[in-house]
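Peer 1: Here is my input; please provide its structure:
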Amino acid sequence: MRSLFCFLLTILGFATSNASTLDEQLQQIISKNNFPGFHYTVLDRSGINFQFNHGYQDIAGKSPVTADTMFMLNSSTKVFTAAAILQLVKMGKVNLDSPLTAYFKHHPYGTKISIRHLLNQTSGIANPLPLKWLHLKNEHATYNENQTLQHILNEHSELKFPPGKKYMYSNISYWLLGKVIENVSGISYCQYLQEFVFKPLMINRDELSCDMPDETHFAKGYQEKYTFLTTFFYLAGASPFFAEPEGIFSSFKPVYHNGPAYGGLYGSGHGVAKFLNDLLATRPQVFDKQIRHLFFEEQVNHSGKPIAMTLGWRTGELNGIKFYEKPGGGPGSHCNIRIYPQKNIATVYFVNNTAIQEKSISALSNKMDWLYFQSRATHE
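Peer 2: Okay, here's the model as predicted:
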């Protein structure tokens, strides 16, 4: 009995030490990057198995980040837009290879762009830097999205290449998919997600929503004051979105993206984890196994050459382990959502600090996820 008790103490002590080591390693990464606030969640099919929070959602108020803190998802919203489109495919209301014009006619691109082209980012539609594609919280009630979209489409009416030729990221492509969802379903994009994606998964509005969260659990956006990026934002005309500085950081006023379908969701670690858990589930709820397979099916260009995209996800590998991800970055925040099918693992992180380069956002996931895998291997 005594030897068993000692053995259990050894196991428990080792597990605690190992978790502490992982926490310390994550803390070092965060400190090195000078993040104001940070959240990281790891889950598998059975649920959440690791979470880490650090810093403040509001520096001035010294309000700490928790698993319930809401962050801007920015472009990580696109996987939810893609999921909604694939639901409509399953219902027989949308055909992947039908032209955009069949579902949304108010665009200048003719009949050659298909829904598939929009989803896998081979549409050829331009991707202007969306620095000014924002509006303040107090402007939201009177904001006219359709008018803004038409203005953007008129400004960028020429395709960069024939649809299907190659991969090229475009926020406009997913903005248009949002209009497809609205026209086909007869309700707004945000209403559709609420009714057909979030509600079946029991995701509450304070976990994932198009509505800006209450400031008591919303991560204010920041970026360091004395950087090239801050100067660039000011010179590029984004100064109306800045609030008063807080210490070494410039802070952002609460803002909405002009197009919810390309970047407009707000979410917490718990909320996004419910969505990812369903994608790992034996019996998914959002859509069946056939459509889930389609969601992760790697795409090719019109010459048959593979591109690093599925119908909504970027593809990649971490030390030989395949993953699907969707980074998101914008004013005062960035995040990444990632799934490792071979490991039955999904991860999500949020930071309330500006990052806009997909490569650097993905690189942070690589560092943290690999630390987690190493920690897990030690346990096993």
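
Peer 1: can you pull out the strands in this structure?
Peer 2: 37-44, 47-58, 63-64, 71-72, 134-136, 208-209, 222-224, 249-251, 255-257, 266-267, 314-318, 321-330, 333-340, 345-351 (DSSP state E).

Peer 1: could you redo those as a markdown table and give each row mean neighbour count, mean pLDDT and distance to residue 181?
Peer 2: No exception for glycine: its C-beta is placed from N, CA and C like everyone else's. Output for the strands of the chain, formatted as a markdown table (neighbours: other Cβ atoms under 10 Å; pLDDT from 0 to 100; distance: least, Cβ to Cβ, whole Å):
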| stretch | mean neighbour count | mean pLDDT | distance to residue 181 |
| --- | --- | --- | --- |
| strand 37-44 | 24 | 97 | 27 |
| strand 47-58 | 18 | 96 | 29 |
| strand 63-64 | 16 | 96 | 35 |
| strand 71-72 | 32 | 98 | 20 |
| strand 134-136 | 17 | 95 | 21 |
| strand 208-209 | 24 | 98 | 16 |
| strand 222-224 | 22 | 93 | 32 |
| strand 249-251 | 22 | 94 | 33 |
| strand 255-257 | 23 | 96 | 16 |
| strand 266-267 | 26 | 98 | 18 |
| strand 314-318 | 16 | 98 | 21 |
| strand 321-330 | 22 | 97 | 17 |
| strand 333-340 | 26 | 98 | 19 |
| strand 345-351 | 27 | 98 | 23 |
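
Peer 1: Export those as JSON lines, with columns for distance to residue 274.
Peer 2: Output for the strands of the chain, formatted as JSON lines (distance: least, Cβ to Cβ, whole Å):
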{"stretch": "strand 37-44", "distance to residue 274": "9"}
{"stretch": "strand 47-58", "distance to residue 274": "10"}
{"stretch": "strand 63-64", "distance to residue 274": "22"}
{"stretch": "strand 71-72", "distance to residue 274": "15"}
{"stretch": "strand 134-136", "distance to residue 274": "27"}
{"stretch": "strand 208-209", "distance to residue 274": "8"}
{"stretch": "strand 222-224", "distance to residue 274": "27"}
{"stretch": "strand 249-251", "distance to residue 274": "30"}
{"stretch": "strand 255-257", "distance to residue 274": "22"}
{"stretch": "strand 266-267", "distance to residue 274": "10"}
{"stretch": "strand 314-318", "distance to residue 274": "22"}
{"stretch": "strand 321-330", "distance to residue 274": "16"}
{"stretch": "strand 333-340", "distance to residue 274": "12"}
{"stretch": "strand 345-351", "distance to residue 274": "11"}
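
Peer 1: now the stretch 251-380 of the chain, which segments are flagged as low pLDDT?
Peer 2: For the stretch 251-380 of the chain, residues meeting the criterion pLDDT under 70 lie at 379-380.

Peer 1: all helices of the stretch 51-200 of the chain, in order?
Peer 2: 78-90, 115-119, 145-155, 171-185, 189-193 (DSSP state H, counting those that start in this stretch).

Peer 1: Nearest to residue 303 among these would be which one?
Peer 2: Of all the helices of the stretch 51-200 of the chain, helix 115-119 sits nearest to residue 303, with 14.0 Å by Cβ to Cβ.

Peer 1: what about dumping the CA coordinates of that closest one to CSV?
Peer 2: Extracted C-alpha coordinates of helix 115-119, given in CSV (Å, rounded to 0.1, in the frame of the first residue of the first chain):
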residue,chain,number,x,y,z
ILE,A,115,-18.7,29.4,-55.2
ARG,A,116,-15.8,26.9,-55.0
HIS,A,117,-13.4,29.6,-56.3
LEU,A,118,-14.5,32.0,-53.6
LEU,A,119,-14.1,29.3,-50.9
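
Peer 1: neighbouring contacts of that helix?
Peer 2: Defining contact as Cβ atoms under 8 Å, 6 or more residues apart in numbering, one finds that helix 115-119 is touched by 82, 85, 94-98, 100, 103, 123-124, 163-164, 173-174, 176-177, 180, 299, 311-312.

Peer 1: Next up, the contacts around residue 352.
Peer 2: Residue 352 neighbours (Cβ under 8 Å, 6+ apart): 35-38, 57, 65, 71, 219-222, 332-333.

Peer 1: and with 6 Å instead?
Peer 2: For residue 352, the contact set (Cβ atoms under 6 Å, 6 or more residues apart in numbering) comprises 36-37, 219, 221-222, 333.

Peer 1: Nothing else from me, thank you.
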